[in-house]
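A.B. asks: need coordinates for the below:
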Amino acid sequence: MAKYHWQSQNVKQSGVDDMVLLSKITEDAIVENLKKRYMDDYIFTYIGPVLISVNPFKQMPYFTEREVELYQGAAQYENPPHIYALSDNMYRNMMIEAENQCVIISGESGAGKTVAAKYIMSYISKVSGGGPKVQNVKDIILQSNPLLEAFGNAKTVRNNNSSRFGKYFEIQFSRGGEPDGGKISNFLLEKSRVVSQNENERNFHIYYQLIEGANAQQKEGLGVMTPDYYYYLNQSGTYKVDGTNDCKDFQETMEAMHVIGITAQVRAQVLQIIAGILHLGNISFIEAGNYGQVESTDLLAFPAYLLGVDPSRLQEKLTSRKMDSKWGGKSESIDVTLNQEQATYTRDALAKALYARLFDYLVEAINRAIQKPHEEFSIGVLDIYGFEIFQKNGFEQFCINFVNEKLQQIFIELTLKAEQEEYVQEGIKWTPIEYFNNKIVCDLIENKLNPPGIMSVLDDVCATMHAKGEGADGTLLQKLQAAVGMHEHFNSWNSGFVIHHYAGKVSYDVHGFCERNRDVLFPDLIELMQSSEFDFLRSLFPENLNTDKKGRPTTASSKIKKQANDLVNTLMKCTPHYIRCIKPNETKRPKDWEESRAKHQVEYLGLRENIRVRRAGFAYRRVFNKFLMRYAILTTETWPRWNGPEQQGVLHLLRSVNMDSDQYQMGRTKVFVKNPESLFLLEEMRERKFDTFARIIQKSWRQYIAQKKYEQMREEASDILYNSKERRRNSINRNFVGDYLGLEQRPELRQFLSKRERVDFADSVNKFDRRFKSIKRDLILTPKGIYLIGREKEKKGPDKGMIKEVLKRKLEFGNITGVSLSTRQDDFFILHETQYDSLLESNFKTEFLSLLSKRSEEATKKKLPLSFSDRLEFRLKKEGWGGGGSRVLSFVRGSGDMATLKTGGKSLTISIGDGLPKSSKPTRKSAQQSHGRRRITGTNKGYQNGGAKFPSATHTQPESITYSTPHRQGHPPSTVLPKLGTQRRTPNHTQHQQQHSNMDFMNVPDQGMSGKQRKRSISQRPPPAPKPQPPPVAPRCRALYQYIGQDTDEISFEVNDVFELLKEDPSGWWTGQHHYAFHAPQTTDWSTFYHYARPEQTQGGLEQLEPRMYSTERLAGVFSYQSSDIDWCEDNYRHSENVVEFFNTLSSFFFLP
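C.D. replies: Predicted structure coming up:
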């Protein structure tokens, strides 16, 4: 039977998400769990806060916008393990704790570190806010990836996109959490790759991108040939990489340079240098009398042209060198001719220097574009070359593996060593856990004295070197044997030495160690480049050659040692997070699992020890005062100030949330919480407290804004009819609602709209045909047009006989030529369209016309024509061979507010009494009217636009079926709601006046005729409803905590509220019934409160409310607000109109004192 994850919707469970929960803690059990998840395409697994990532060697489907929304603001346990969860945790910690964060991504080459870094930067870019300036910073941060990958990554035998440099990217944030700056630090570019590569490897990507992606003009100007033409590219015999499109990547690289702000002129010179290096490599040398000479002088011209130097000077500097000679206090300069080997070395040194300085320029260009003068907060992402073991390991692998040793030391220091030491210092009961501390290996490499480390010995040998030769490397090997030969992690062999790294034994070939460590660029080559005609190239060599050089020159090993230690110091100042990347195979194929390789990585990464410490330790620790400050709001005793010892305040908070005593321990200065779930409980309760207070503030503010906003909207709408049409007494001051159909609960109507199409107006209207027969249509107005939806019976198929919704007509704003209305107070209007017109009637015509005018003007850039006349004509639709023509409407003075219709052939006469004068304007509500009234509160679940929805007033026409009364089922009800005209009674004014001295506010109905019904029901009480049957006794439970519903199917409750348990869902949740204690005044007329129920539950579609208690569900008829777009109480509320609708409507309903 398949198991599915409880955290998400139908997520299949595979193994355990967090390996702290493994039943057996062995390397085999860890490998088996990782393998099971890997084979089921789950590449992420937790060890507490540490994320384990296995390279899938394919694109996974769970990095979409959906996942960004899913993990944003969610606790770690709420969703399956993901790099987005770690990224979100970093971002929120930075904002909450006001502390810099960093993530250390470690693993061997090809384990997926670079991709992980890109996903982190992408996620943070998406969830952080900001305007145009911030967006520019985000673009540069994201575009820096393809640029630095092109110039700093290459194919190796272990990885098709291996980082051949180290990068620490700091994303800088403002106090508001917006990324407004950044900084990149780069480490140890593998310059030797520019001039030589091993078999089945490539040079840096940019060379192949240039050859494949340059246009014809660029190829001609740069002398671009096929890759096998260039010596610097043809040594390995590998030119293509599976799954890599060099041509497409070249365009992305050039676009990235543009986004970062590199000018077109500089971009062209960058390409010139790249091409110049390739041509420089084709210059070869021959031995002539112990001197090196250029084999083919013809090959000097093109690199000299691209670098902007004289060809003869280039030849001179490649084959000779100036040396300063000092004798007797005098110094003189002499020219020394180089042999073939030295000339080749000089050529390669120039090529490496050009490329390295160009790479440094690109990093600096990115920093100039995004670095800000002062730092506030930052998140650092460390993406550095992985641990490497090749068939032949040289100086570069030695430096790379040293940096990885330092990173492993940080991980050990902070997750194993420091954590256990802290427990002892704080007096927490603890059994020490053994682990391998690799500090001994770091000291072997970087120690200065007693005994000197390998790097110190190497620097001493380089300081005594005078010329290139094999002797220096041999001397190094001898001195190493003397200095560290007895070290338990060091061995020597005839061509080099072996170091026992944390990840395994690595044999280093000592050949070339000294030369690469010296990393000297002779002054002759610097002088040559400073003579270039190109300003950009000269700027890459800013040295002043006239100053005297004092002291020992800086070596490559001393640079990398300083950079590594500076990096460690930077990381130690941040709150660290860890991603441990695992490479499952060497084939680079998906679903290929090499057991021995995976187990080796699990062992050297120390995952078993990590699990043991995490399992025995505590997930969270915080000093007392910080803990107290963060969670003080949970109780009245601690908020706003705790009077007493901090430790007692912390204990009070933990006990107030009923946390089990075995879930925490009190140290000397800190509180330790064992499980993340216990911490999440505290966080969730804290967030809900703030959420509750925020909603109270929002509610008051939005109510105030809502009243102002809708008073203005009513006045603007009234201006459309001002001096042109009489107004109805009961509608001129009514509140605008917009959605009178409750489209959020009407998928059968929303199916005709696009997914995120916003609804401005929705109502059930009467549509009149050529015979003036009315039929109900649902009219929906959106920014895209007007929809008229009707119903038809299915005539065939499995749904034969069923009534289904049909889109009868869609009107585009561009095709609407105008609207015609009478000058009287009726509700008729004609929509004129290019093909034929539509005669409609709606109680909410003013609201509709105001919104239609606004949308039409936005779409067509011109005002919608409105005409007013008591004789109107509308064109009919042509049907088949007949049809067409027109019909006439005549409006005459009658009596009463109800329109009377009289047909006569092709004309319709509508008589209606006088309304308010054409110059009438809506009046503002008095602020005093709202004083002393008590508003019913509740969630907006089940609300339908703020008032009960009843059919509009009837005409003398026969009654027609109302399809659009609010209900929750997918099909129209089988019975008809009672018409208001059949329930009219004479108001009892005496009783009306006794209830309240001023009932004027009741003269402003919120939804047309529904307001009249409410007024009548208050004036005269209908016969009492039959007493409901007592509900059956069900199991009950009591609430331990306050909870505020976060979704439409969640219920809110207070501490000690009682629930009846109705049924258990297969998912493990219960459906329950919650009764709110409510004492109703005796004067309350309960017969006016209805709620819409399913037709199969009640006769006639209505159910009477029980007078002894109420719930928000049962008051759905009164509070029937439903937002068609969003939940009005969301913190990130965007559509203020919906809130206005809610508060304006809500403020009209009160219980009398």
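
A.B. asks: show the average pLDDT along the longest helix that the chain contains.
C.D. replies: Longest helix in the chain, counting residues (DSSP state H): helix 676-721. Here helix 676-721 scores 81 as its mean pLDDT.

A.B. asks: next: stretch 425-434.
C.D. replies: Taken as a whole, stretch 425-434 has a mean pLDDT of 79.

A.B. asks: isn't E67 up against H82?
C.D. replies: Yes: judged on Cβ atoms under 8 Å, E67 makes contact with H82 at a distance of 6.8 Å. (Glycine included, C-beta is placed from N, CA and C.)

A.B. asks: please look at G380 and N100 and confirm they touch.
C.D. replies: Yes: the pair G380 / N100 is scored as a contact, 7.3 Å apart, by Cβ under 8 Å.

A.B. asks: tell me which of the two has more neighbours.
C.D. replies: Set G380 next to N100 and count neighbours by other Cβ atoms under 10 Å: G380 wins out with 24 against 21.

A.B. asks: next, the buried residues of the strand or helix carrying E419.
C.D. replies: Assigned by DSSP states H and E, E419 falls within helix 418-425. Using 16 or more other Cβ atoms under 10 Å as the test for burial, helix 418-425 gives E419, Q420, E422, Y423.

A.B. asks: follow-up on the earlier one: next SSE downstream of the longest helix of the chain?
C.D. replies: Remark: after helix 676-721, the chain's next helix or strand is helix 747-750, criterion DSSP H and E.

A.B. asks: what's the helix or strand for Q563?
C.D. replies: Counting by DSSP H and E, the element that carries Q563 is helix 556-572.

A.B. asks: list of residues touching that helix?
C.D. replies: 102, 104, 166, 168, 185, 187-188, 380, 382, 395, 399, 402-403, 406, 409-410, 446, 455, 458-459, 516-519 (Cβ atoms under 8 Å, 6 or more residues apart in numbering).

A.B. asks: repeat that with 7 Å
C.D. replies: Here helix 556-572 makes contact (Cβ atoms under 7 Å, 6 or more residues apart in numbering) with 102, 104, 168, 187-188, 399, 402-403, 406, 410, 446, 455, 458-459, 516-517, 519.

A.B. asks: picking that back up, other SSEs contacting the longest helix of the chain?
C.D. replies: The contact analysis (3 or more Cβ pairs under 7 Å, 6 or more residues apart in numbering; DSSP states H and E) places helix 676-721 against helix 845-860, helix 1136-1146.

A.B. asks: just the ones of the contacts of helix 556-572 in helices?
C.D. replies: Judged by DSSP H, the contacts of helix 556-572 include C399, F402, V403, K406, I410, E446, M455, L458, D459, R516, N517 as members of helices.

A.B. asks: list only those of those residues flagged as buried.
C.D. replies: Judged by 16+ other Cβ under 10 Å, buried ones among those: C399, F402, V403, K406, I410, E446, M455, L458, D459, R516, N517.

A.B. asks: report the two of these separated the most.
C.D. replies: Within those, two members stand farthest from each other by Cβ to Cβ: I410 and R516, at 26.5 Å.

A.B. asks: can you classify G380 by secondary structure?
C.D. replies: strand (DSSP: H, G, I helix; E, B strand; the rest coil).

A.B. asks: contacting residues for it?
C.D. replies: C102, Y168, F169, E170, C574.

A.B. asks: any idea how far F63 is from it?
C.D. replies: In this view, G380 and F63 are 22 Å apart by Cβ to Cβ, to the nearest Å.

A.B. asks: just K406 next, same as before
C.D. replies: Distance of K406 to F63, computed by Cβ to Cβ: 30 Å.

A.B. asks: can you tell me what sits against stretch 195-206?
C.D. replies: 149-157, 193-194, 208, 232-233, 235-236, 238, 241, 249, 253, 274, 281, 348, 351-352, 390.

A.B. asks: swap in stretch 605-615?
C.D. replies: Looking at what lies outside stretch 605-615 - Cβ under 7 Å, 6+ apart - the contacts are 19-20, 22, 25-27, 30, 47-48, 50, 415-416, 419-420, 433, 435, 580.

A.B. asks: just the ones in strands from those, please.
C.D. replies: Using DSSP state E, the subset of the contacts of stretch 605-615 located in strands is I47, V50, R580.

A.B. asks: quote the end-to-end distance of stretch 319-334.
C.D. replies: 14 Å (Cα to Cα, to the nearest Å).

A.B. asks: report the buried residues of stretch 210-224.
C.D. replies: Counting neighbours by 16+ other Cβ under 10 Å, stretch 210-224 gives L210, I211, E212, G213, A214, Q218, G221, L222, G223, V224 as buried.

A.B. asks: F285: which of those residues is nearest?
C.D. replies: The nearest member of the buried residues of stretch 210-224 to F285, counting by Cβ to Cβ, is G223 at 20.8 Å.

A.B. asks: distance of the residue nearest to the closest one when sequence neighbours are not counted relative to A275?
C.D. replies: Leaving aside its sequence neighbours, G223 sits nearest to F302 (Cβ to Cβ, 6 or more residues apart in numbering; 5.1 Å). Using Cβ to Cβ, we find F302 at a distance of 9 Å from A275.

A.B. asks: the two: who's more crowded?
C.D. replies: A275 (26 against 19).

A.B. asks: what sits against the closest residue to the more buried one other than its chain neighbours?
C.D. replies: Excluding its sequence neighbours, the residue lying closest to A275 (Cβ to Cβ, 6+ apart) is L222, at 3.9 Å. Taking Cβ under 7 Å, 6+ apart, we find L222 in contact with A214, L271, Q272, A275, L306.

A.B. asks: residues in contact with the last one?
C.D. replies: The contact partners of L306, taken as Cβ under 7 Å, 6+ apart, are L222, Q272, A275, G276, H279.
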